[in-house]
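Asks: Take this sequence and fold it.
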Amino acid sequence: MNRIRTAHTADLGPATLHEIRALLDAAFDGDFGADDWDHTLGGIHALVHDEHGRLAAHGSVIQRRVLHRGRSLRTGYVEGVAVREDRRREGLGGLVMEALERVIDRAYVLGALSASDDGAALYAGRGWVVWPGRIAALGPSGTVRLPDEEGTTYLRPVEGLPDASDTLFFDWRGGDVL
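Replies: Below you'll find the predicted structure:
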């Protein structure tokens, strides 16, 4: 039987963090760098362990700020969602998302994530909505438009979907902004 738990990064020991990082490295075929790892930390993790106690799936939700129409929205941003290769297509990604959505629904105004082609169906099937408007970030030198993120950024509106006629401005961070 699979067991799921949630825990803040501060409550995870070095061995667990190492196990999460190894899962993400394998799931993203080595395309999961130091910035990606940094983005995954500092929030609530959902971890699914298999019957042998090995990590089978993971995801985290961290706080970000999204500016929309002059309002700074407290946003639960989903990061590092992955399922071990031998356990895919068993509903473990859904278990992870269910736990993260509970956190988002209770603690944030909005949920957001940037979906890969492989992950998009999972999020859409759970009611996440592709943001139809513009995406930008508030960078060190001003506003940076992120056209490559348009069409792949999904939202989970907790207090209603923002007006798509205005841009969503995400806070700046190293590596991939979204």
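Asks: Specify the beta-bridge partners of H68.
Replies: Legend: beta-bridge partners of H68 under DSSP bridges are R71.
Asks: so it sits right up against G160, yeah?
Replies: No. At 11.3 Å, H68 does not count as touching G160 under the criterion of CB atoms under 8 Å. In this view, the C-beta of every residue, glycine as well, is placed from N, C-alpha and C.
Asks: More neighbours: these two, which one.
Replies: H68 (18 against 8; other CB atoms under 10 Å).
Asks: so who does that one touch?
Replies: 162-163, 166-169 (CB atoms under 8 Å, 6 or more residues apart in numbering).
Asks: Quick check: the two most widely separated of those?
Replies: Using CB to CB, those reach their maximum pairwise distance at D163 and F169, which is 13.5 Å.
Asks: Specify which residue of those two has the higher count of neighbours.
Replies: F169 (22 against 9).
Asks: So that one, which state does it fall into?
Replies: strand (DSSP: H, G, I helix; E, B strand; the rest coil).
Asks: quick one, what contacts it?
Replies: 66-68, 136-138, 143.
Asks: 7 Å - rerun?
Replies: 66-67, 136-138, 143 (CB atoms under 7 Å, 6 or more residues apart in numbering).
Asks: What's the ChimeraX line that selects buried ones from the residues you listed?
Replies: Buried residues within those, by 16 or more other CB atoms under 10 Å, are selected in ChimeraX with:
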select :66,67,136,137
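Asks: Looking at the biggest helix by length in the chain now, give me its mean pLDDT.
Replies: Using DSSP state H, we find that the single longest helix of the chain is helix 92-107. The average pLDDT within helix 92-107 is 97.
Asks: What's the first helix or strand after it?
Replies: Of the helices and strands lying after helix 92-107 in sequence (DSSP states H and E), the nearest is strand 110-114.
Asks: lowest-confidence helix or strand of this structure?
Replies: strand 153-157 (a mean of 90; mean pLDDT, DSSP states H and E).
Asks: In contact with the nearest residue to L178 once chain neighbours are set aside, which residues?
Replies: Nearest non-adjacent residue to L178, counting by CB to CB, 6 or more residues apart in numbering: S114, 4.3 Å away. Going by CB under 7 Å, 6+ apart, S114 touches 149, 152-153, 178.
Asks: give me that answer again for 8 Å
Replies: Counting by CB under 8 Å, 6+ apart, S114 has contacts 149, 152-154, 176, 178.
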